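**Q** Got a sequence here, can you build the structure:
(one chain, ligands or ions: 1)
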Amino acid sequence: MDTRNRRGYFGEFGGRFVPETLVPALEELERAYEHIKGDPAFWEEFNALGRDYIGRPTPLYHARRLSEYIGGAQVLLKREDLCHTGAHKINNALGQGLLARRMGKQRVVAETGAGQHGVATAAACALLDLECVVFMGSVDMERQSPNVRRMRLLGAEVRPVEAGSATLKEAISEALRDWVTHVADTYYLLGSVVGPHPYPTLVRDFQAVIGREAREQVMSAYGRLPDRIVACVGGGSNAMGIFYPFLDAPVPLIGVEAAGKGLDADTHSATLVKGRPGVLHGTRSYLLQDAHGQIEPTHSIAPGLDYPGVGPEHSFLRNTGRVQYVAVDDAGALESFRLLSRLEGILPALEPSHATFHAMSLAREMPKEGLVLVNLSGRGDKDIGIVAEALGL
Ligand SMILES: *Cc1c(COP(=O)(O)O)cnc(C)c1O
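**A** Model prediction:
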């Protein structure tokens, strides 16, 4: 079947692979989203809170000392690390929180791995007076205990998930299960451009504010488009957010996955570089799976990249060749974390440190007038424990 123009598909990827019981809920969500998409009042509220609550527009920052150190092209950082709650995730949490309220839902369920999406969702729910339940693997709860406390302080209930590896994959399954049983009053607030239609589309649209701002900011500062745009890819929301408004422009786009401890064993999470198409969490996309279709264990030093799936639109962009996907390992991420900290006074999150490392290697081969734009998706406060241990501090 030609799926290119089918609703909810990106080429052969995407779709809605869910139990029958969830179909009406997804259709209700799709209708609500189609409705608010054309409603200027919704976007006025989204933009006003973006400005006053999140702190948008986030700056476009020319990393001069880092660029000098590299000795090639100029590195520009889109400072999503300066967003309220410390990462780009709040853009989506706020957008979907507003949508939930519009739909008359009083209860929000979410899943979280590292806890960043849980914190962003808990904050948005506090702001919008919505009840908030966050499912989190018990292993993750132990590893990310400061974020568990943050969520509780923000008024959310954090429910431990003990099944399987007790991490993000199981937390998503559990959140979906809760949603099925409480569909009438509950909104499922998904954290990345993954899951069944319409989530990949609506999360991308809420995150596209990053790319729209960046495009304007680069044009007004340099009078031209950047020469490369680089972003890390876990589920893929910060990357889709910065890429989307540039898809029609002649700018090479590069997504950076986690090569972990190496691409040969089960010690990475480079889904697009090493995976094969399959179905997980309601969508058809590239996956890390073995010969029998079993999901493989993943690893990355960056908790937010440690996921065996990826958004379906990225799978499409990979296959069409519009976006190039590469992988950077733990050591590379640590190296660029150290450099950005020392040279620019910015402690970056470990996730975008993968992107910065690759941006540096691109910049090295380019002339001084070149411009490499990196989405600095979050700040590194959450990662100082991991980094200090890895660097022996
Ligand atoms: C969660 C997270 C990511 C990965 O999620 P995407 O959906 O791929 O953006 C990247 N960076 C930071 C800072 C995160 O918190």
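**Q** does M240 count as helix, strand or coil?
**A** At M240, secondary structure determined by DSSP: H, G, I helix; E, B strand; the rest coil is helix.
**Q** Show me the beta-bridge partners of the closest residue to the ligand within the chain.
**A** Residue nearest to the ligand within the chain: G378 (2.4 Å; C-beta to the nearest ligand atom). Any C-beta I mention is one placed from the backbone N, CA and C, and that applies to glycine too. Partner residues in beta bridges with G378, using DSSP bridges, are A87.
**Q** if I look at the spatially most central residue of the chain, how far off is G71?
**A** A centroid search over the chain (C-alpha atoms, centre = their mean) returns S237, at 3.4 Å, as the residue closest to the centre. S237 is 33 Å from G71, where distance means C-beta to C-beta, to the nearest Å.
**Q** Any residues of the stretch 51-200 of the chain in contact with the ligand? List them.
**A** With C-beta under 6 Å from any ligand atom as the criterion, the stretch 51-200 of the chain comes near the ligand at residues 87, 89, 116, 192.
**Q** Chain neighbours aside, what residue packs nearest to the second one?
**A** Leaving aside its sequence neighbours, K89 sits nearest to A120 (C-beta to C-beta, 6 or more residues apart in numbering; 4.1 Å).
**Q** mind listing what's buried in the helix-or-strand element of the chain with minimal mean pLDDT?
**A** Taking mean pLDDT, DSSP states H and E as the measure, the helix or strand of the chain with the lowest value is helix 138-143, at a mean of 88. Residues of helix 138-143 classed as buried under the neighbour-count rule (16 or more other C-beta atoms under 10 Å) are 138-141, 143.
**Q** quick one: terminal-to-terminal distance for stretch 63-81?
**A** Counting by C-alpha to C-alpha, to the nearest Å, you get 14 Å between the two ends of stretch 63-81.
**Q** Tell me which stretches of the stretch 51-200 of the chain form helices.
**A** Listed in chain order, the helices found in the stretch 51-200 of the chain under DSSP state H, counting those that start in this stretch are 64-70, 89-102, 116-128, 138-143, 145-153, 168-181, 199-207.
**Q** Tell me which of the ones you listed approaches M366 most closely.
**A** M366 lies closest to helix 64-70 among the helices of the stretch 51-200 of the chain, at 9.4 Å (C-beta to C-beta).
**Q** Hmm, M136 is touching T112, no?
**A** Yes. M136 is within contact range of T112, at 5.2 Å (criterion: C-beta atoms under 8 Å).
**Q** Spit out the residues that contact those two alike.
**A** Jointly contacting M136 and T112 under the rule C-beta atoms under 8 Å, 6 or more residues apart in numbering are 118, 171.
**Q** Show the average pLDDT along stretch 59-66.
**A** Averaging the model's pLDDT scores along stretch 59-66 yields 98.
**Q** The chain should start at 28 in everything you say after this.
**A** Fine by me, first position is 28 from now on; the one you just mentioned is stretch 86-93.
**Q** which residues are contacting that stretch?
**A** Taking C-beta under 8 Å, 6+ apart as the criterion, the residues outside stretch 86-93 that touch it are 101-106, 109, 240-241, 244-245, 248, 366-367, 370-371, 387, 400.
**Q** tell me which residues of it are tucked away?
**A** Taking 16+ other C-beta under 10 Å as the criterion, stretch 86-93 shows 87-88, 90, 93 as buried.
**Q** Go through these and flag which are in strands.
**A** In strands, judged by DSSP state E, the following of the buried residues of stretch 86-93 are found: 87-88.
**Q** Now flag whichever of the buried residues of stretch 86-93 is closest to G77.
**A** Checking these against G77 by C-beta to C-beta gives L87 as the nearest, at 16.0 Å.
**Q** Determine the number of other residues adjacent to the nearest residue to L49 once chain neighbours are set aside.
**A** The shortest distance from L49 to any residue that is not its chain neighbour, by C-beta to C-beta, 6+ apart, is 5.8 Å, and that residue is V207. By other C-beta atoms under 10 Å, 16 other residues sit near V207.
**Q** Would you check that V207 makes contact with V50?
**A** No. Judged on C-beta under 8 Å, V207 makes no contact with V50 at a distance of 10.6 Å.
**Q** Show the model's pLDDT score for the residue nearest to L49.
**A** At V207, the model reports a pLDDT of 91.
**Q** which residues does it contact?
**A** Under the criterion of C-beta under 8 Å, 6+ apart, the contact list for V207 reads 46, 48-49, 52.
**Q** repeat that for 10 Å
**A** By C-beta atoms under 10 Å, 6 or more residues apart in numbering, V207 lies in contact with 45-49, 52, 213, 215.
**Q** now do Q351
**A** Contacts here follow C-beta under 10 Å, 6+ apart; on that basis Q351 touches 255, 257, 279-283, 299, 344-345.
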